[in-house]
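Student: Coordinates for the following, if possible.
(chains A and B)
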Amino acid sequence: MSATSGQPVILEIRGLKKAFGGLLAVNNLDLAVRANEILGLIGPNGSGKTTVLNLITGEHSADSGEILLNGSRLNGMRPFQICRKRVSRTFQLVRVMPGMTVMENVMVGRLFGSQPRSMQECRDEVEELLGFVGLSEKRNQLAGQLTYIDQKRVELARALATRPLLLLLDEWLAGLTHAELAAGMALVERVRKLGISVILIEHVMHAVRTLSDRVVVMNAGSKIVEGTPEEVLTHPEVIQAYLGDDDA
Amino acid sequence: MRGTWLAASLAFTAGLLILIALPRFVTDYTVSLLISILSYVVLASAWALFSGSTRYISLATAAFFGVGAYLVAIFGADHSFPLVLGLAALVGFLIAFAVGLSTLRLTGVYFVIFTFGLSELIRQVTIWWEINRTKTLGRHVFVDVQSHGIYYYLLGLAILTLAAGFLIQRSRLGVALRAIGEDETVANHLGINTTIIKVTVFAMSAVFMSLTGAIMAPRWSYLDPNIAFNPLVSFLVVIMALLGGAGSLYGPLLGAVPLVLLFEFLSARFPYHSSIVLGLCFLVIVYYLPFGVVGALRSAETRVRGWLR
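Tutor: Below is the predicted model of the structure:
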């Protein structure tokens, strides 16, 4: 039992399916995320994790199945509508808007996400978020000229600026140095303290084990195991899925 | 800050007064040159309104310009000029809106080619219609607007276009357009309704282009589809905006003025080779000023500041 097991479910996925040509990327997936929970989503490369994320945010449309946020269907909505329903994300390959400053990048999220405000009102909140991710000093630098970790910070602040209830982090901790990883993990933990639920797609097992309340393991588009990090990471099927794969 | 504002508005008012008074003191030739300059200032600024920030390169300028000009040729004789201008604005908007809805899913070079195709399609359909239905290939433009009138209409339109650009740049809409130009997928995921914004601003820029065509129509006493829908206009406008710097408000203006003057000079000096020389000029511009005059000024400014430090 995890600490958040008594919390209400905010995202529920039922029987989700998505095929690309002959490839079944997501096959009959059921998933639930509770309020204030960090759900680790792991699995070998190509197991369909990012596709699940793209289905939730409306980047792809599901072939069948339901995606419910607080009981209302997200299926068929476009990404901007889902963002306004308070679901936000970062991208697997970091995607800042390179020709805009750090401040402007985050401003876009605040101006157009849920509960949009006027420019002036947004400025204070954006400043606060920049402080939160540790970018206050670099607010006027072009995002494209930042280091890799700082670009990741921009993406996080920008996603938070849309005021999400649910944040989807797609390998947000990948490629960081040891010290950066510790800082990154602390940030994710602080995001949860803001009352935001997180789906954490991650290959860094140390982070998955430390941060996640529950872990779902996918292989070849299906969920193979679900449970607490300890249960899941010692499960024979999980070990086999990882060791049976060249990328493990 | 307040001082800069005051200086800017004083300079603007003074410039405007000079531009208003100018036609009274110069020759007819100069007025017609000023008309040329103003028309391209409007077209390039209107083009940059949409394409400058979103980076969707449109070659449909000639289509909207031509629609405006042709509507004046058709309806100008029987209706008041302002009414026909309103009609041109409306038709330009509707065509651009319909085209936008169906094509703005295209990106990159596909969008460029489509807009060029659209322009050519409208030209060919007009030619076909005129030959087969109205049995004429050209039309006389019977509108009682003289060159001074054209000048003032264009001056007003230029101010409107620049004001629209100024207001958009400072608004949420401007931020949305830039975000779309930077990364459209990300923009959409941040809550921006990218489709509706692109279509609306594309149609808005088309309104300014159609109005330019409509205002310019009385300048020709005779109009045929090849004059109205001249594809060179689409290309010139892109080059002007790029020369000046399409991302900034006054960039297209800085590009349009010297290029119209250059074009005028070349066609007077080298009447038979002006296109060749113009082509060479374009090569030089793209090679030496990839970020336009505004970009070059900015990097010069940073360099000078570096020396002063």
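Student: Identify the residues contacting residue 172.
Tutor: With no chain named, the answer covers chain A. Residue A:172 makes contact with A:90, A:152, A:155, A:156, A:184, A:188, A:200, A:202, according to Cβ atoms under 8 Å, 6 or more residues apart in numbering or on different chains. Quick note: C-beta positions are derived from backbone N, CA and C, even for glycine.
Student: nope, chain B
Tutor: By Cβ under 8 Å, 6+ apart, the neighbours of residue B:172 are A:111, A:112, A:116, A:118, A:119.
Student: Tell me, what's the model's pLDDT at it?
Tutor: Predicted confidence (pLDDT) for residue B:172: 90.
Student: Could you do residue A:186 as well?
Tutor: 94.
Student: For it, give me the backbone phi and psi.
Tutor: Backbone geometry at residue A:186, expressed as degrees, to the nearest 10, gives phi -60, psi -40.
Student: ok so, going back, out of the contacts of residue A:172, which is nearest to residue A:46?
Tutor: Within those, proximity to residue A:46 (Cβ to Cβ) peaks at residue A:202, which comes in at 15.6 Å.
Student: ok, residue 139 - contacts?
Tutor: This is for chain A. When contacts are taken as Cβ under 8 Å, 6+ apart, residue A:139 is in contact with A:101, A:102, A:103, A:127, A:130.
Student: was after chain B, sorry
Tutor: Counting by Cβ under 8 Å, 6+ apart, residue B:139 touches B:70, B:73, B:74, B:130, B:222, B:223, B:224.
Student: Helices of chain B, start to end?
Tutor: Defined through DSSP state H, the helices belonging to chain B, from first to last, are B:2-21, B:28-54, B:61-75, B:81-103, B:108-132, B:147-169, B:172-182, B:184-189, B:194-216, B:225-228, B:231-244, B:251-269, B:274-288, B:292-308.
Student: can I assume residue A:208 is in contact with residue A:198?
Tutor: No: using Cβ atoms under 8 Å as the test, residue A:208 is too far from residue A:198 to be in contact (11.7 Å).
Student: near chain B, which residues of chain A show up?
Tutor: Within chain A, the positions adjacent to chain B are A:57, A:59, A:78-80, A:83-84, A:88-89, A:91, A:95, A:97-100, A:104, A:107-109, A:111-114, A:116, A:118-119, A:158, A:162 by Cβ under 8 Å from any Cβ of the partner chain.
Student: How about the secondary structure of whichever residue of chain A sits closest to chain B?
Tutor: Nearest residue of chain A to chain B: residue A:97, at 3.4 Å (Cβ to the nearest Cβ). Following DSSP: H, G, I helix; E, B strand; the rest coil, residue A:97 is assigned to coil.
Student: ok, now residue A:12?
Tutor: Taking three-state DSSP as the rule, one finds residue A:12 in the strand state.
Student: Next up, phi/psi of the nearest residue to it once chain neighbours are set aside, please.
Tutor: In space, not counting the residues next to it along the chain, residue A:12 is nearest to residue A:68; the distance is 4.5 Å by Cβ to Cβ, 6 or more residues apart in numbering or on different chains. Recorded main-chain torsions at residue A:68 are phi -120, psi 130, according to degrees, to the nearest 10.
Student: Tell me what residue A:68 is bridged to.
Tutor: Beta bridges link residue A:68 to residue A:12, residue A:73 when assigned by DSSP bridges.
Student: distance of the closest residue to chain A within the stretch 101-250 of chain B from residue A:105?
Tutor: Each residue of the stretch 101-250 of chain B has a distance to chain A, by Cβ to the nearest Cβ, and the smallest belongs to residue B:182, at 3.4 Å. In this structure, residue B:182 and residue A:105 are 9 Å apart, going by Cβ to Cβ, to the nearest Å.
Student: mind checking the SS state of the nearest residue to residue A:28 once chain neighbours are set aside?
Tutor: Ranked by Cβ to Cβ, 6+ apart and with sequence neighbours excluded, the top spatial neighbour of residue A:28 is residue A:15, at 5.5 Å. Look at residue A:15: counting by three-state DSSP, its state is strand.
Student: In contact with residue A:15: list those residues for me.
Tutor: Contacts for residue A:15 were tallied using Cβ under 8 Å, 6+ apart; they are A:28, A:29, A:30, A:64, A:65, A:66.
Student: Turn these into TSV, columns for secondary structure.
Tutor: Formatted as TSV, those follow (three-state DSSP):
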residue	secondary structure
A:28	strand
A:29	strand
A:30	strand
A:64	strand
A:65	strand
A:66	strand
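Student: If you rank those residues by neighbours, which is first?
Tutor: For the contacts of residue A:15, neighbours were counted by other Cβ atoms under 10 Å in any protein chain shown; the highest total belongs to residue A:29, with 22 neighbours.
Student: okay, and for chain A, where does confidence drop off?
Tutor: Of all residues in chain A, those with pLDDT under 70 make up the ranges A:1-4, A:116, A:244-248.
Student: Which residue, neighbours along the chain excluded, lies closest to the residue nearest the centre of it?
Tutor: With distances taken as Cα atoms, centre = their mean, the residue of chain A nearest its centroid is residue A:168 (1.6 Å). Here the nearest residue to residue A:168 in space, its sequence neighbours aside, is residue A:89; by Cβ to Cβ, 6+ apart that works out to 4.0 Å.
Student: Surely the one you found is in contact with residue A:159?
Tutor: Yes: counting by Cβ under 8 Å, residue A:159 is a contact partner of residue A:89 at 6.2 Å.
Student: Name the residues contacting each of these two.
Tutor: residue A:167.
Student: residue contacts, the residue nearest to the centre of chain A?
Tutor: Applying Cβ under 8 Å, 6+ apart to residue A:168 gives the contacts A:53, A:56, A:57, A:87, A:88, A:89, A:90, A:198, A:199, A:201.
Student: From these, which land in strands?
Tutor: A:87, A:88, A:89, A:198, A:199, A:201 (DSSP state E).
Student: roughly how far apart are the closest residue to residue B:255 other than its chain neighbours and residue B:18?
Tutor: Using Cβ to Cβ, 6+ apart and skipping residues adjacent in sequence, the residue nearest residue B:255 is residue B:244, 2.8 Å away. Plainly put, residue B:244 is 21 Å away from residue B:18 if you go by Cβ to Cβ.
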